[in-house]
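**Student:** predicted model and sequence follow; I will ask about them next.
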Amino acid sequence: MEPPAKRAHTDYQASQLAAYKGDALELKCINTIRVLAADMVQKANSGHPGAPMGCAPMAHTLWSAAGAGMKYSASNPDWWNRDRFVLSNGHACALQYVMLHLTGYGDCSMEQLKQFRQVGSRTPGHPENFCTKGVEVCTGPLGQGISNSVGMAIAAKHLAARYNTPDFKIFTNKTYVICGDGCLQEGISGEACSLAGHLGLGDLIVLYDDNNITIDGNTGLAFTEDVNKRYEAYGWHVQTVDDIANGLDDLRKAIDEAKKVTDKPSLIKIKTQIGYGSPSKQGSEKSHGAPLGADEVETVKSRLYGCEPSKSFFIDDDVAAYYKQQADEAEKAHTEWDATFAKYKEAYPDKAAELERRFSGGIPDGAFDDLPKFIYGKDMAAATRKFSEACLNAVAPHFPELIGGSADLTGSNLSQIKGLKDFQKDSPEGGTIRFGVREHAMAAISNGMFAYGGLRPYCATFLQFAGYALGAMRLSALSRFGVIYIMTHDSIGLGEDGPTHQPVEMLESLRAMPNMNVLRAADANEMAAAYQLALSHRNTPSVICATRGTVSPLEGSSKEKAMKGAYTVVAEGGDGAPDLVLVASGSEVWRCVDAAKTLQSDHSIRTRVVSMPCQEIFLEQDEEYRRSVLPGNVPTLSVEASSEHGWHRFSHAQIGLTRFGMSGPLEEVFVKFGFGAENVANKGKELVDFYKKMGGSVPDLNARPHFVSFIGADH
């Protein structure tokens, strides 16, 4: 294709400028954003150019700190009182990287823009908070970002209520979101936005990119509801802006109006055209998820005012100067805040010190001293969910940053911190959040609270309903957010509610997730270890699993041993290696203890019982310790009322679940599925006999190589 003629180039640009209701530099800035994003996608030969080109006017407005825009700091991207920005339609991340570059964020240098979507770059294919300073959360799975933003707005309102004083306003920030049609189609956004409306989160402002396009084509194929009416029904303040391609006055007015509404979150529905400026792909799904093509990019530049078709990755001096001025203006707010906080620190040293500890993630002295210790023969047996409740309330006075609640199962999860008020519209100082029946949003909101900083969110539901929340839980792990998940009713042992509520595959699903600690305590001491481990792992989310039914006391348990992930709870006695090892977690451990007594008394099989509350922590221990607990060359039987998968690396045979559960009294269900002590003893003897018949040679589970296949440095 021949490049456009110079005359046509001039005429198209002149026409765009003539139609624009604003100054020429403003239009040139917006067009620079558009073509930089198109250049990035084109060079990578991968990505999504359409949304950045349509949303460029929104981004320009938000990063224009001197106008309707945000407070931010390129020099200190983690400044506590910065306005939070979430690009919920994360596929449009070229837009965010361009804005971070223009406003001076070091991770988004021009070289990094050119390395978009390349291995090891700071500009990955969707936003990653741990990779790029200036990115708050991992977005891309649609609906997650807008749901995270609800958590950020809760965090801001809560911290302001707790720490602002009449003379010092430390937390005054707002949370801004750009989202698309896809985000609002995902059910999670409806869950989260419903709660945001109920809570009256007035400092949350969402810019809805209403471009009528999804991957399959026009939204008329599947999405014809009146979004404005839906959000009005949620209790949001709703406005519409019909055109931002030809001027920004209406958008600025809408944002200013949204800022004035302090008792409702705001949605601004903004009509845009995806792929704006592309003559053959504007307004079409063809500009969504693929490069425009080199010739088309050149044509776009010929049509957009202020752009030069022959130049790529180019920023004119006047555009660069404009954004430097905006960044400098934003830094003024940061500098003024620093001065305010210095005075606050003098006036309220205890509050300031507590905030500094909380935002740095420090653990208070003596934080775990009050965790309960179970005394065998004295303390009563109970369900581990009751031990969880005791542990949560033991650590809460030491961790005022704990904030959270349950998905309408507080009395079942036992997840209430006693004496803590509800976080509601009129009581934002409260730390108990009533999430309602919204498991997926609950997890995403918790991610947002963690991302904000200064808080340690926890949330609770039944373990089976983690299936509703898995998308957001996965992002906890990816984002390195130490959210604490309390999941009760953790096996077929919940009994009469039956297989719809009885988790089978869920433990293994969670254990298969990188950077996720799954903790299944067998008694009170192990539950104390679970809470200490969870709170000590700031960058790893934890799932604390707990029983509905009572567990028998364990004489040989201890918090200190459980902190290693697995330990010998009952030694085999005598000299030499054991004849059999039983390894279990949670409510199956005491059943193994009973089985071991039978194996010894009836069959003279010296049996070791190993409790493994956390596989992930156990695998972090050195090889010497791991072998001291699980020798590997001794017949080993795993026992867990869950899927067998995952236990093969620790055991030669498994008692687990290969089918769904059954409704009935919990002990009857346990026996039906083979978890009674009698069956465990029988299967343990069969395993020992099997290897005797094989000549006594037992395969060493530890005698195999472990490869690290990842090459080079991580982010």
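**Tutor:** Here it is on my side, so go on. Numbers count the residues shown, from 1 in each chain.

**Student:** and Lys351, what does it touch?
**Tutor:** Counting by CB atoms under 8 Å, 6 or more residues apart in numbering, Lys351 makes contact with 163, 344. The way it works is simple: take the backbone N, C-alpha and C, and place the C-beta from them, glycine included.

**Student:** rerun at 6 Å
**Tutor:** The contact partners of Lys351, by CB atoms under 6 Å, 6 or more residues apart in numbering, come to Tyr163.

**Student:** what does the model give it for pLDDT?
**Tutor:** With respect to pLDDT, Lys351 scores 98.

**Student:** and it, its phi and psi?
**Tutor:** Main-chain dihedrals, Lys351, degrees, to the nearest 10: phi -60, psi -40.

**Student:** centroid-nearest residue for the protein?
**Tutor:** Ser476 (2.7 Å; CA atoms, centre = their mean).

**Student:** just checking, that one touches Ile484?
**Tutor:** No - look at Ser476 against Ile484 with CB atoms under 6 Å: they stay out of range, at 9.8 Å.

**Student:** please name every helix or strand in contact with the helix or strand containing the residue nearest to the centre of the chain.
**Tutor:** For Ser476, the element it lies in under DSSP states H and E is helix 466-479. Helix 466-479 is packed against helix 439-452, with contacts defined by 3 or more CB pairs under 6 Å, 6 or more residues apart in numbering; DSSP states H and E.

**Student:** okay, now the unreliable bits of this protein?
**Tutor:** For the chain, the stretches with pLDDT under 70 are 1-8.

**Student:** go with 90
**Tutor:** 1-11, 65-69, 375, 377-380, 553, 573, 696, 706, 712-715 (pLDDT under 90).

**Student:** nearest residue to the residue nearest to the centre of the chain in space, please, no chain neighbours.
**Tutor:** Pro541 (4.0 Å; CB to CB, 6 or more residues apart in numbering).

**Student:** what do you get for Ala713?
**Tutor:** The shortest distance from Ala713 to any non-neighbouring residue, by CB to CB, 6+ apart, is to Gly120 (7.6 Å).

**Student:** what about the one you found, distance to Gly712?
**Tutor:** According to CB to CB, to the nearest Å, Gly120 and Gly712 sit 7 Å apart.

**Student:** please say which of these two ends up with more neighbours.
**Tutor:** Per other CB atoms under 10 Å, whichever of Gly120 and Gly712 has more neighbours is Gly120, with 11 against 6.

**Student:** torsion angles phi and psi at the more buried one?
**Tutor:** Per-residue torsions, Gly120: phi 80, psi 0 (degrees, to the nearest 10).

**Student:** now do the one 3 residues further on
**Tutor:** With angles defined as degrees, to the nearest 10, Thr123 sits at phi -130, psi 70.

**Student:** tell me the spacing between it and Val639.
**Tutor:** 48 Å.

**Student:** Cys108 too?
**Tutor:** 52 Å.

**Student:** and for Thr335?
**Tutor:** Distance from Thr335 to Val639, by CB to CB: 61 Å.

**Student:** where does the nearest residue to Lys21 once chain neighbours are set aside land in three-state SS?
**Tutor:** Spatially, and ignoring its direct neighbours in sequence, Lys21 is nearest to Gly247 (3.2 Å; CB to CB, 6+ apart). Under DSSP: H, G, I helix; E, B strand; the rest coil, the three-state class of Gly247 is coil.

**Student:** isn't Gly247 up against Leu17?
**Tutor:** No - contact status for Gly247 versus Leu17: not in contact, 11.7 Å apart, counting by CB under 6 Å.

**Student:** return the distance of whichever helix or strand Val150 is part of from the chain's centre.
**Tutor:** Per DSSP H and E, Val150 falls inside helix 144-163. Using CA atoms, centre = their mean, to the nearest Å, the mean C-alpha position of helix 144-163 is found 14 Å from that of the whole chain.

**Student:** can you check stretch 36-56 too?
**Tutor:** 26 Å.

**Student:** ditto for stretch 23-37
**Tutor:** Centre to centre, stretch against its chain (CA atoms, centre = their mean), the figure for stretch 23-37 is 34 Å.

**Student:** tell me which residues in it are buried?
**Tutor:** 26-37 (16 or more other CB atoms under 10 Å).

**Student:** what about the closest residue to Tyr323 other than its chain neighbours, distance to Gly134?
**Tutor:** Leaving aside its chain neighbours, Tyr323 sits nearest to Leu102 (4.0 Å; criterion: CB to CB, 6+ apart). Note on Leu102: its distance to Gly134, by CB to CB, is 11 Å.

**Student:** before we move on, what about Asp426?
**Tutor:** 34 Å.

**Student:** the helices in the stretch 601-715 of the chain, which residues?
**Tutor:** Here the stretch 601-715 of the chain has its helices, by DSSP state H, counting those that start in this stretch, at 615-620, 623-629, 666-672, 677-693.

**Student:** do the same with the stretch 51-200 of the chain
**Tutor:** Under DSSP H, counting those that start in this stretch, the stretch 51-200 of the chain gives helices at 93-102, 110-114, 144-163, 181-185, 187-199.

**Student:** could you dump those helices into TSV with mean neighbour count and distance to Gly676 added?
**Tutor:** Below are the helices of the stretch 51-200 of the chain laid out as TSV (neighbours: other CB atoms under 10 Å; distance: least, CB to CB, whole Å):
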stretch	mean neighbour count	distance to Gly676
helix 93-102	27	54
helix 110-114	16	60
helix 144-163	27	43
helix 181-185	22	48
helix 187-199	23	40
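
**Student:** TSV please, covering the ones you listed and showing distance to Ala294.
**Tutor:** Shown next, in TSV, are the helices of the stretch 51-200 of the chain (distance: least, CB to CB, whole Å):
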stretch	distance to Ala294
helix 93-102	16
helix 110-114	15
helix 144-163	31
helix 181-185	28
helix 187-199	36
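
**Student:** so Val583 sits in a strand?
**Tutor:** Yes - checked against three-state DSSP, Val583 lies within a strand.

**Student:** so what's it closest to, chain neighbours aside?
**Tutor:** Val583 sits nearest to Val610 (CB to CB, 6+ apart), 4.2 Å away.

**Student:** ok, that neighbour touching Ala584?
**Tutor:** No - Val610 is not in contact with Ala584 according to CB under 6 Å; the separation is 7.5 Å.

**Student:** so which of these two has more stuff around it?
**Tutor:** Neighbour count, other CB under 10 Å: between Val610 and Ala584, Ala584 has more, with 30 against 24.

**Student:** for this protein, what's the longest helix?
**Tutor:** Across the chain, the helix with the greatest residue count (assigned by DSSP state H) is helix 317-347.

**Student:** any idea how far that helix is from the chain center?
**Tutor:** Put simply, helix 317-347 sits 30 Å off its chain's centre (CA atoms, centre = their mean).

**Student:** now it: buried residues?
**Tutor:** For helix 317-347, by 16+ other CB under 10 Å, it's 319, 322-323, 326-327, 330-331, 333-334, 337, 340-341, 344.

**Student:** what segments of the stretch 451-600 of the chain are helices?
**Tutor:** 466-479, 506-511, 524-536, 559-562, 589-603.

**Student:** could the ones you listed go into CSV alongside distance to Ser651?
**Tutor:** Listed next are the helices of the stretch 451-600 of the chain as CSV, based on distance: least, CB to CB, whole Å:
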stretch, distance to Ser651
helix 466-479, 24
helix 506-511, 14
helix 524-536, 20
helix 559-562, 19
helix 589-603, 12
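
**Student:** buried deepest among these, which one?
**Tutor:** Comparing the helices of the stretch 451-600 of the chain by mean neighbour count (mean count of other CB atoms under 10 Å), helix 524-536 comes out on top with a mean of 26.

**Student:** which residues touch that helix?
**Tutor:** In contact with helix 524-536 (CB under 6 Å, 6+ apart) are residues 368, 371-372, 374, 384, 387-388, 391, 395, 484, 519, 521, 542, 544, 557-559, 562-563, 613.
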